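Participant: My questions concern the predicted model and sequence given below.
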Amino acid sequence: MGEFFSNVSRYPKYLITIILGVFTALLEPLIQRSKNPLTGISLVGALISALITFYFVLKAMVLPSSLN
């Protein structure tokens with residue numbers, strides 16, 4: 001039974017490794033392109049816009065009565 005839990009405990013580490021690898025593969029081209037100042041400013045603006053949108057969507061989902 002101890003071997004079972006040993007094997008199961010490896011899966012979260014594997015999942016975290018896969019997720020970090022995907023984020024690294026997605027972010028690496030963006031980081032290389034951000035060397036151009038105009039592209040860097042655009043990427044920062046897009047990130048800020050995405051965070052603001054995410055905030056307002058979550059706020060509307062959690063507190064729908066505050067929109068009245």
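Facilitator: Great, that's in hand.

Participant: what about the residue most central in space within the chain, helix or strand, and which?
Facilitator: In the chain, the centroid-proximal residue (C-alpha atoms, centre = their mean) is Phe23; its distance is 7.5 Å. Counting by DSSP states H and E, the element that carries Phe23 is helix 10-33.

Participant: Which elements pack onto that helix?
Facilitator: Counting contacts by 3 or more C-beta pairs under 8 Å, 6 or more residues apart in numbering; DSSP states H and E, helix 10-33 packs against helix 37-62. From N, CA and C alone the C-beta is placed, and that goes for glycine too.

Participant: Pull out the buried residues from the helix it packs on.
Facilitator: Judged by neighbour count using 16 or more other C-beta atoms under 10 Å, helix 37-62 contains no buried positions.

Participant: by how many degrees do that helix and helix 10-33 diverge?
Facilitator: 140 degrees (axes from the mean of the first three to the mean of the last three C-alpha atoms, to 10 degrees).

Participant: Please report how far the residue nearest to the centre of the chain lies from Thr17.
Facilitator: Here Phe23 is placed at a distance of 11 Å from Thr17 (C-beta to C-beta, to the nearest Å).

Participant: Over to Pro37?
Facilitator: Applying C-beta to C-beta, one obtains 34 Å for the distance of Pro37 from Thr17.

Participant: Check Leu38 too.
Facilitator: Noted for Leu38: a distance of 35 Å to Thr17, by C-beta to C-beta.

Participant: can you check Arg33 too?
Facilitator: Between Arg33 and Thr17 the distance is 26 Å, computed by C-beta to C-beta.
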